[in-house]
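Q: Sequence and computational prediction follow.
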Amino acid sequence: MIAYIIKRLLSAIPVLLGISVIVFIIMALIPGDPATAILGSFATPENVEKLNRDLGLDKPMIQRYFIWLGNMLQGDFGRSFSLNKDVLDEISERFGATLVLAGVSFVLCSILGVVAGALSASRQFGITDKLITLSVLIGISIPSFFLGMMMILFFSVQLRWFPVSGMWPIYGARDLSALLSHLFLPAVALSVVATGVIARLSRSAMLEVLRQDFIRTARAKGLSEARVIWRHALKAAMVSVIPVLGVQAGFVLSGAVYIEMVFQWPGVGRMLVEAILKRDILLVQGGVVFVAACYVMFNIVVDIIQSLLDPRIKT
Amino acid sequence: MTRFMALFARSQLAFIGLIILSLILILAILTPWLPLNDPNVIDTSNRFKRPFSEDSILGTDHLGRDLLSRLLWGTRLSIAVGLCAAIIAAFIGSAIGVIAGFYGGHTDNIIMRGVDMLMAFPYILLALAIVAALGPGLMNALIAVAIVNIPFFARNIRGVTLGIVHREFVDAARLSGMSNAKIIINEILPNVFPVIVVAMSTTVGWMILETAGLSFLGLGSQPPQADLGSMLGEARAAIITSPYTSVVPGVMILIIVMAINLVGDGIRDVLDPRLKSGALSTPRSTTEVAKNKSDAGLKTQTLLSINGLKTEFRIGNRILKAVNDVSLTVDKGQCVGIIGESGSGKSVTALSIMRLVSSPPGIITDGSIDFKGDDLLKLSSEDLRDFRGKKVSYVFQDPLSTLHPLYTVGQQLSEAIQSHNHVGKLEKHKKALELLQAVRISNPEKRLNSYPHELSGGMRQRIGIAMALANDPDIIIADEPTTALDVTVQAQILKLFQDLRREKGLALVFITHDFGVISQICDKVAVMYAGKVVETGPAAEILKSPAHPYTARLKSCVPELGQGKRNLIAIPGFPPMIDNMPSGCAFASRCGKAEQNCQSAMVDIKKIGQERAVRCLFPEEIKAG
C-alpha cells in the first residue's frame, strides 16, 4: 500500500511539471508587454526596459521558465503589483476560504448525488425515480451564479434566514455558527450542478450493477432488499462513481469562482477574477498553478481511496 | 433517418426539448427583423421600469434599456457563441483524437500525454487562465471555452478510432493502396461521426453555460454588447431592488440549457445504445407472479413439488415461453437431475423455484410450487426472503460473476449466516470456518480473508457451495455448478456434492447438460426440451434405456469410456424458437421417427411402467432391467 502511494505521488511529478509548462506558455502568449501593463501607457521607454530587466523578461523563454519554476519551488511566486503583496501570502490567505466552501460543497454533492442516484435506480421507472430524474435535469441546467442570486433573493432578502454575503459577520464573533450561516447558501448553490452530474452517473452505474449475477446471489441468500441495494449494489457501483467524484471535485473547486463572486466570498476564485481584470499576471499565474496542483494532489487521494475499495486494483 | 426520428420522438421529453429549442432558435434567428426597441439605447429617465409596463413588455434595466429586446439579442449572442465554441472544440478535438487513434504508437502517446495534462486542470480554471492571457472579451471567452473542451472530444474520438482502426474494412482500404488521409476521410470519419454528434449534443449546453459564466464575471462580452451572462452580471447589483432584471436572463439560460440537455439525451439514446443502459429495466427482487386461474391448493407429502409451472419472458410484443407446463417432485434426500440443451428451460425452472427469474421481463403465469405444503408462488417478498437461503439455497454456474468481487470470502459467508441467524461475531467466524472445512478447503483461516478473484475456479465454486450450506437448507439447487470448471475439478465438486448429501441428508436438484454427471449422482432425472419435460424416471433406468427419441439422441452425444469405437452423433437441426412453438411435438422436426400425427396436436406426457413417464407417441422400446 505504501509503495502504491509513493508510486502515485511520484507519477504526479510529470503532471505538475506539465501544468507549470502549460501555464507558462499561456502566460507567455500575452499580447503586449507586461511591463507596460504594470506601469501604464504613460511610462517612459527607459522605465519599461528597466522593469523588464528586473522581471527577467529580457532573457530567453526557456531560461525564464526554469527561473520561474525554481523560484516557485522555493516558495517564491513573485509579487502582486496590484496588491503590492507577496503572491504566495495572498494565495494562502485566500485559499482557506475557497477550501472551506469547495470542501463542504464537495461532501454535500458526493453524498446527495450518490444517494439520489442509488435511490432513483432502485425505484426505476417509479415516481421517486421520475422526480429525481427531473430535479437532476434542472440541477445540471441551471447556472450556479443565477441559482446563487435567486437563493440570496429568497432566503436572505425575503425570509432573512441567512446573511446576504461574505464569510464572516462584519460585527460580532467569528465562531462556527457564524461561519455556517454564511456558508450554507453558497455551499448549496455550488454543489447543485455537481450533485446532478453525480446522481446521473450513480443511477446508471447502479442500474448496471443491479443486473449483475452477484446481485442475484445476494438475493438468493435471502438478504433484505435494503441490504442488497445499499451494501452489495452500491459498493460495486462506487467503483465507477469514485473516478467521477474526482472530476467533479475539479468542477466544484473551479466553479467556486462564480459563487465567490455572487456571495462576495473571500476566496481564490474572486482573487483570480479581480487579478485578471487588473491584468496582475503574476497573481493569476501563481493562483492557477497553486489550485491546479492542489487538484492533482486531490486526485491522488481519490486513486488511493479507489484502490482501498477495489481489491482487484494492483497496489 | 426516419428511423432515427421515430426513435427520437418516442422519448417524449426529448421531443418537448426539441420543440422548445426550435422555438428559441427561430426567435434568435428572427431577432433582427422583429419590431423591437434598440437594445442599446440608454434612457436613464426610464430606469427599472417594471415588466408589462407600456412599450416594454419585460421592463427596462438599470440604464433604461428595453429588457425584451436585450433578452432576444442576448439569447442570439449566447447561442451563437456556445455553438461556435462547440463546433471549434469538436473540430479540433476530433481531429486530434482521430490522428492519435489512427497513427497510434509515439504520435498517440505524445498527443494523449498533452491531452491528459490539459485535463489535469480543474475545468473552469484553465478557461480563466486563457482569458487572463488573451484579455477579457467575448471572442477570447469563446476561444477559452473551446480550448477547455478540446480534451474531452480528443479522448472520446481517440477511443472510438482505436476501436475501428484495426477492423477489416480499414485493412481492406489500406491494401487497396489508399493514402492515410483518404482512409481517414472515407473510412474512419463516417464511423466516428455519430460519436462526435453525441459528444457535441451533450457538451453544447455546457459551453453555453461556461461562456455565459465568463461574461457574468465580466470576462466575456463587454458593454454595450450583452449576452445572457453579462446581462445577469450587470443586473446583480440591483438584485434586491429590481430582481426581474436578473430573473429574465437567468431563466432564459436555464430554459435553453435544459432544452439542449433534453435533446442531447434523446440523441445519445438513439445513436449510442451503449450509453442507454439506464433505459433498460433492471430485475426486481422477486419474479412477478400473474396467474389467471386459482389452483386447488393440493397438499402433497413430498418435500418440493412443482405443478404445471409456466414461466414466460415478455420482451416487447414477443412472449417467450421458457417454461411451459413443467411438473416435478423432489423427495427428502433425493437427487433429481434436470437435463437438457441450452435454452431448454432447465435453469428458468430452477430459478422459478426461488422466484429469482429476472423480472421484468420474466413472469410466472401459471402453476404452483409447493414446499412442505406452502405455495412459494403465493409468498410475499418478505416471506420469500425468509425462505431463500434458509430452506432452499442455490449454487450458480459461474462462481466468478456470482460472488461479490469487493467482499472477502469471509464477509460473504458470514453475511449468509447472519441473514437467517443472529449470532455473535465469534460464533459467525467459527461457523464460517466450519463451512469452509465442510467443502474441503485447505487453509480455511487464510481463505476467509481472500477475495474471489484471488481464488481458482474450483475453489470459488466450493465457496459458492459453502454459502449455500450456511443455513442447513433442505434442498440445494445446483445450476450447472461444474460447467465452468475443468474436468478434474468437476469430478472433485461432484464428489463433494455426493459427500454432503450423505452427511447432511439434503435433497439436491442438479441441473446439467451432461449425462455423465447424471449417472454419477442422480436418483431421478427429468429431461427437458423446449420448455417441457419430455421424459422422467429413475436415472439408472433412463440411462440404460431411454424412452424418448430426444433422450436417446442426447445420450448418444456423450462418449463413454471403454465403449470402443463408436460414432458420436450430433442431433441435427436446432431447437424451435420458444416464441414460435410448433403445435405438436417440439422435437418432431429433428426426430428420425416422427410421423404425421406428431406435428398435428400437442403430445401429452404419459406413464410407462411404474415410475417413468414420456411425452412421445412412438417411444423407444424399453429394455427390461
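A: Structure's in. What do you need?
Q: Which other helices and strands does the host helix or strand of residue B:152 contact?
A: Assessed by DSSP states H and E, residue B:152 sits inside helix B:138-164. Judged by 3 or more CB pairs under 8 Å, 6 or more residues apart in numbering or on different chains; DSSP states H and E, the packing partners of helix B:138-164 are helix B:67-103, helix B:105-119, helix B:123-134, helix B:189-216. (C-beta placed from N, C-alpha, C; glycine too.)
Q: now the very next helix or strand once past it against helix B:138-164, angle please.
A: Moving toward the C-terminus from helix B:138-164, the first helix or strand encountered (DSSP H and E) is helix B:168-175. Regarding helix B:168-175 and helix B:138-164, their directions subtend 90 degrees when assessed with axes from the mean of the first three to the mean of the last three CA atoms, to 10 degrees.
Q: Spell out the secondary structure type for residue B:322.
A: Here residue B:322 is strand, with the state taken from DSSP: H, G, I helix; E, B strand; the rest coil.
Q: Give the burial count for it, as a bare number.
A: Neighbours of residue B:322 under the rule other CB atoms under 10 Å in any protein chain shown: 25.
Q: What residues does the stretch 451-600 of chain B have near chain A?
A: B:451, B:453, B:454, B:464, B:467, B:470, B:471 (CB under 8 Å from any CB of the partner chain).
Q: now do 7 Å
A: Counting by CB under 7 Å from any CB of the partner chain, the stretch 451-600 of chain B comes close to chain A at B:451, B:453, B:467.
Q: Neighbour-wise, which one of the residues you listed leads?
A: That'd be residue B:467 among those, by other CB under 10 Å, with 29 neighbours.
Q: In this structure that one contacts residue B:412, no?
A: Yes. Residue B:467 is in contact with residue B:412 according to CB atoms under 7 Å; the separation is 6.4 Å.
Q: Would you check that residue B:230 makes contact with residue B:221?
A: Yes. With contact taken as CB under 7 Å, residue B:230 and residue B:221 are classed as touching, separated by 4.8 Å.
Q: what sits in contact with each of these two?
A: Shared between the contact lists of residue B:230 and residue B:221 (criterion: CB atoms under 7 Å, 6 or more residues apart in numbering or on different chains) are residues residue B:215.
Q: Around chain B, pick out the residues from the stretch 101-250 of chain A.
A: Proximity of the stretch 101-250 of chain A to chain B, by CB under 7 Å from any CB, involves residues A:124-125, A:137-138, A:140-143, A:145-146, A:149, A:152-153, A:157, A:203-204, A:207-208, A:210-214, A:216-217, A:219-225, A:228, A:232, A:235-236, A:250.
Q: Give me the below-cutoff pLDDT ranges for the stretch 151-300 of chain A.
A: Along the stretch 151-300 of chain A, segments meeting pLDDT under 70 are nowhere present.
Q: show me where it has helices.
A: If DSSP state H, counting those that start in this stretch is used as the criterion, the helices of the stretch 151-300 of chain A fall at A:176-210, A:213-220, A:225-227, A:234-262, A:268-277, A:281-309.
Q: can you give me the offset of the first one from its chain's centre?
A: The gap between the average C-alpha position of helix A:176-210 and the chain average comes to 13 Å, counting by CA atoms, centre = their mean, to the nearest Å.
Q: go on, stretch B:250-265?
A: On CA atoms, centre = their mean, the centre of stretch B:250-265 falls 28 Å from the chain's centre.
Q: check contacts around residue A:312.
A: When contacts are counted by CB under 7 Å, 6+ apart, residue A:312 is found next to B:405, B:453.
Q: ok, residue B:92 touching residue B:151?
A: No. Between residue B:92 and residue B:151 there is no contact, the gap being 10.3 Å when judged by CB under 7 Å.
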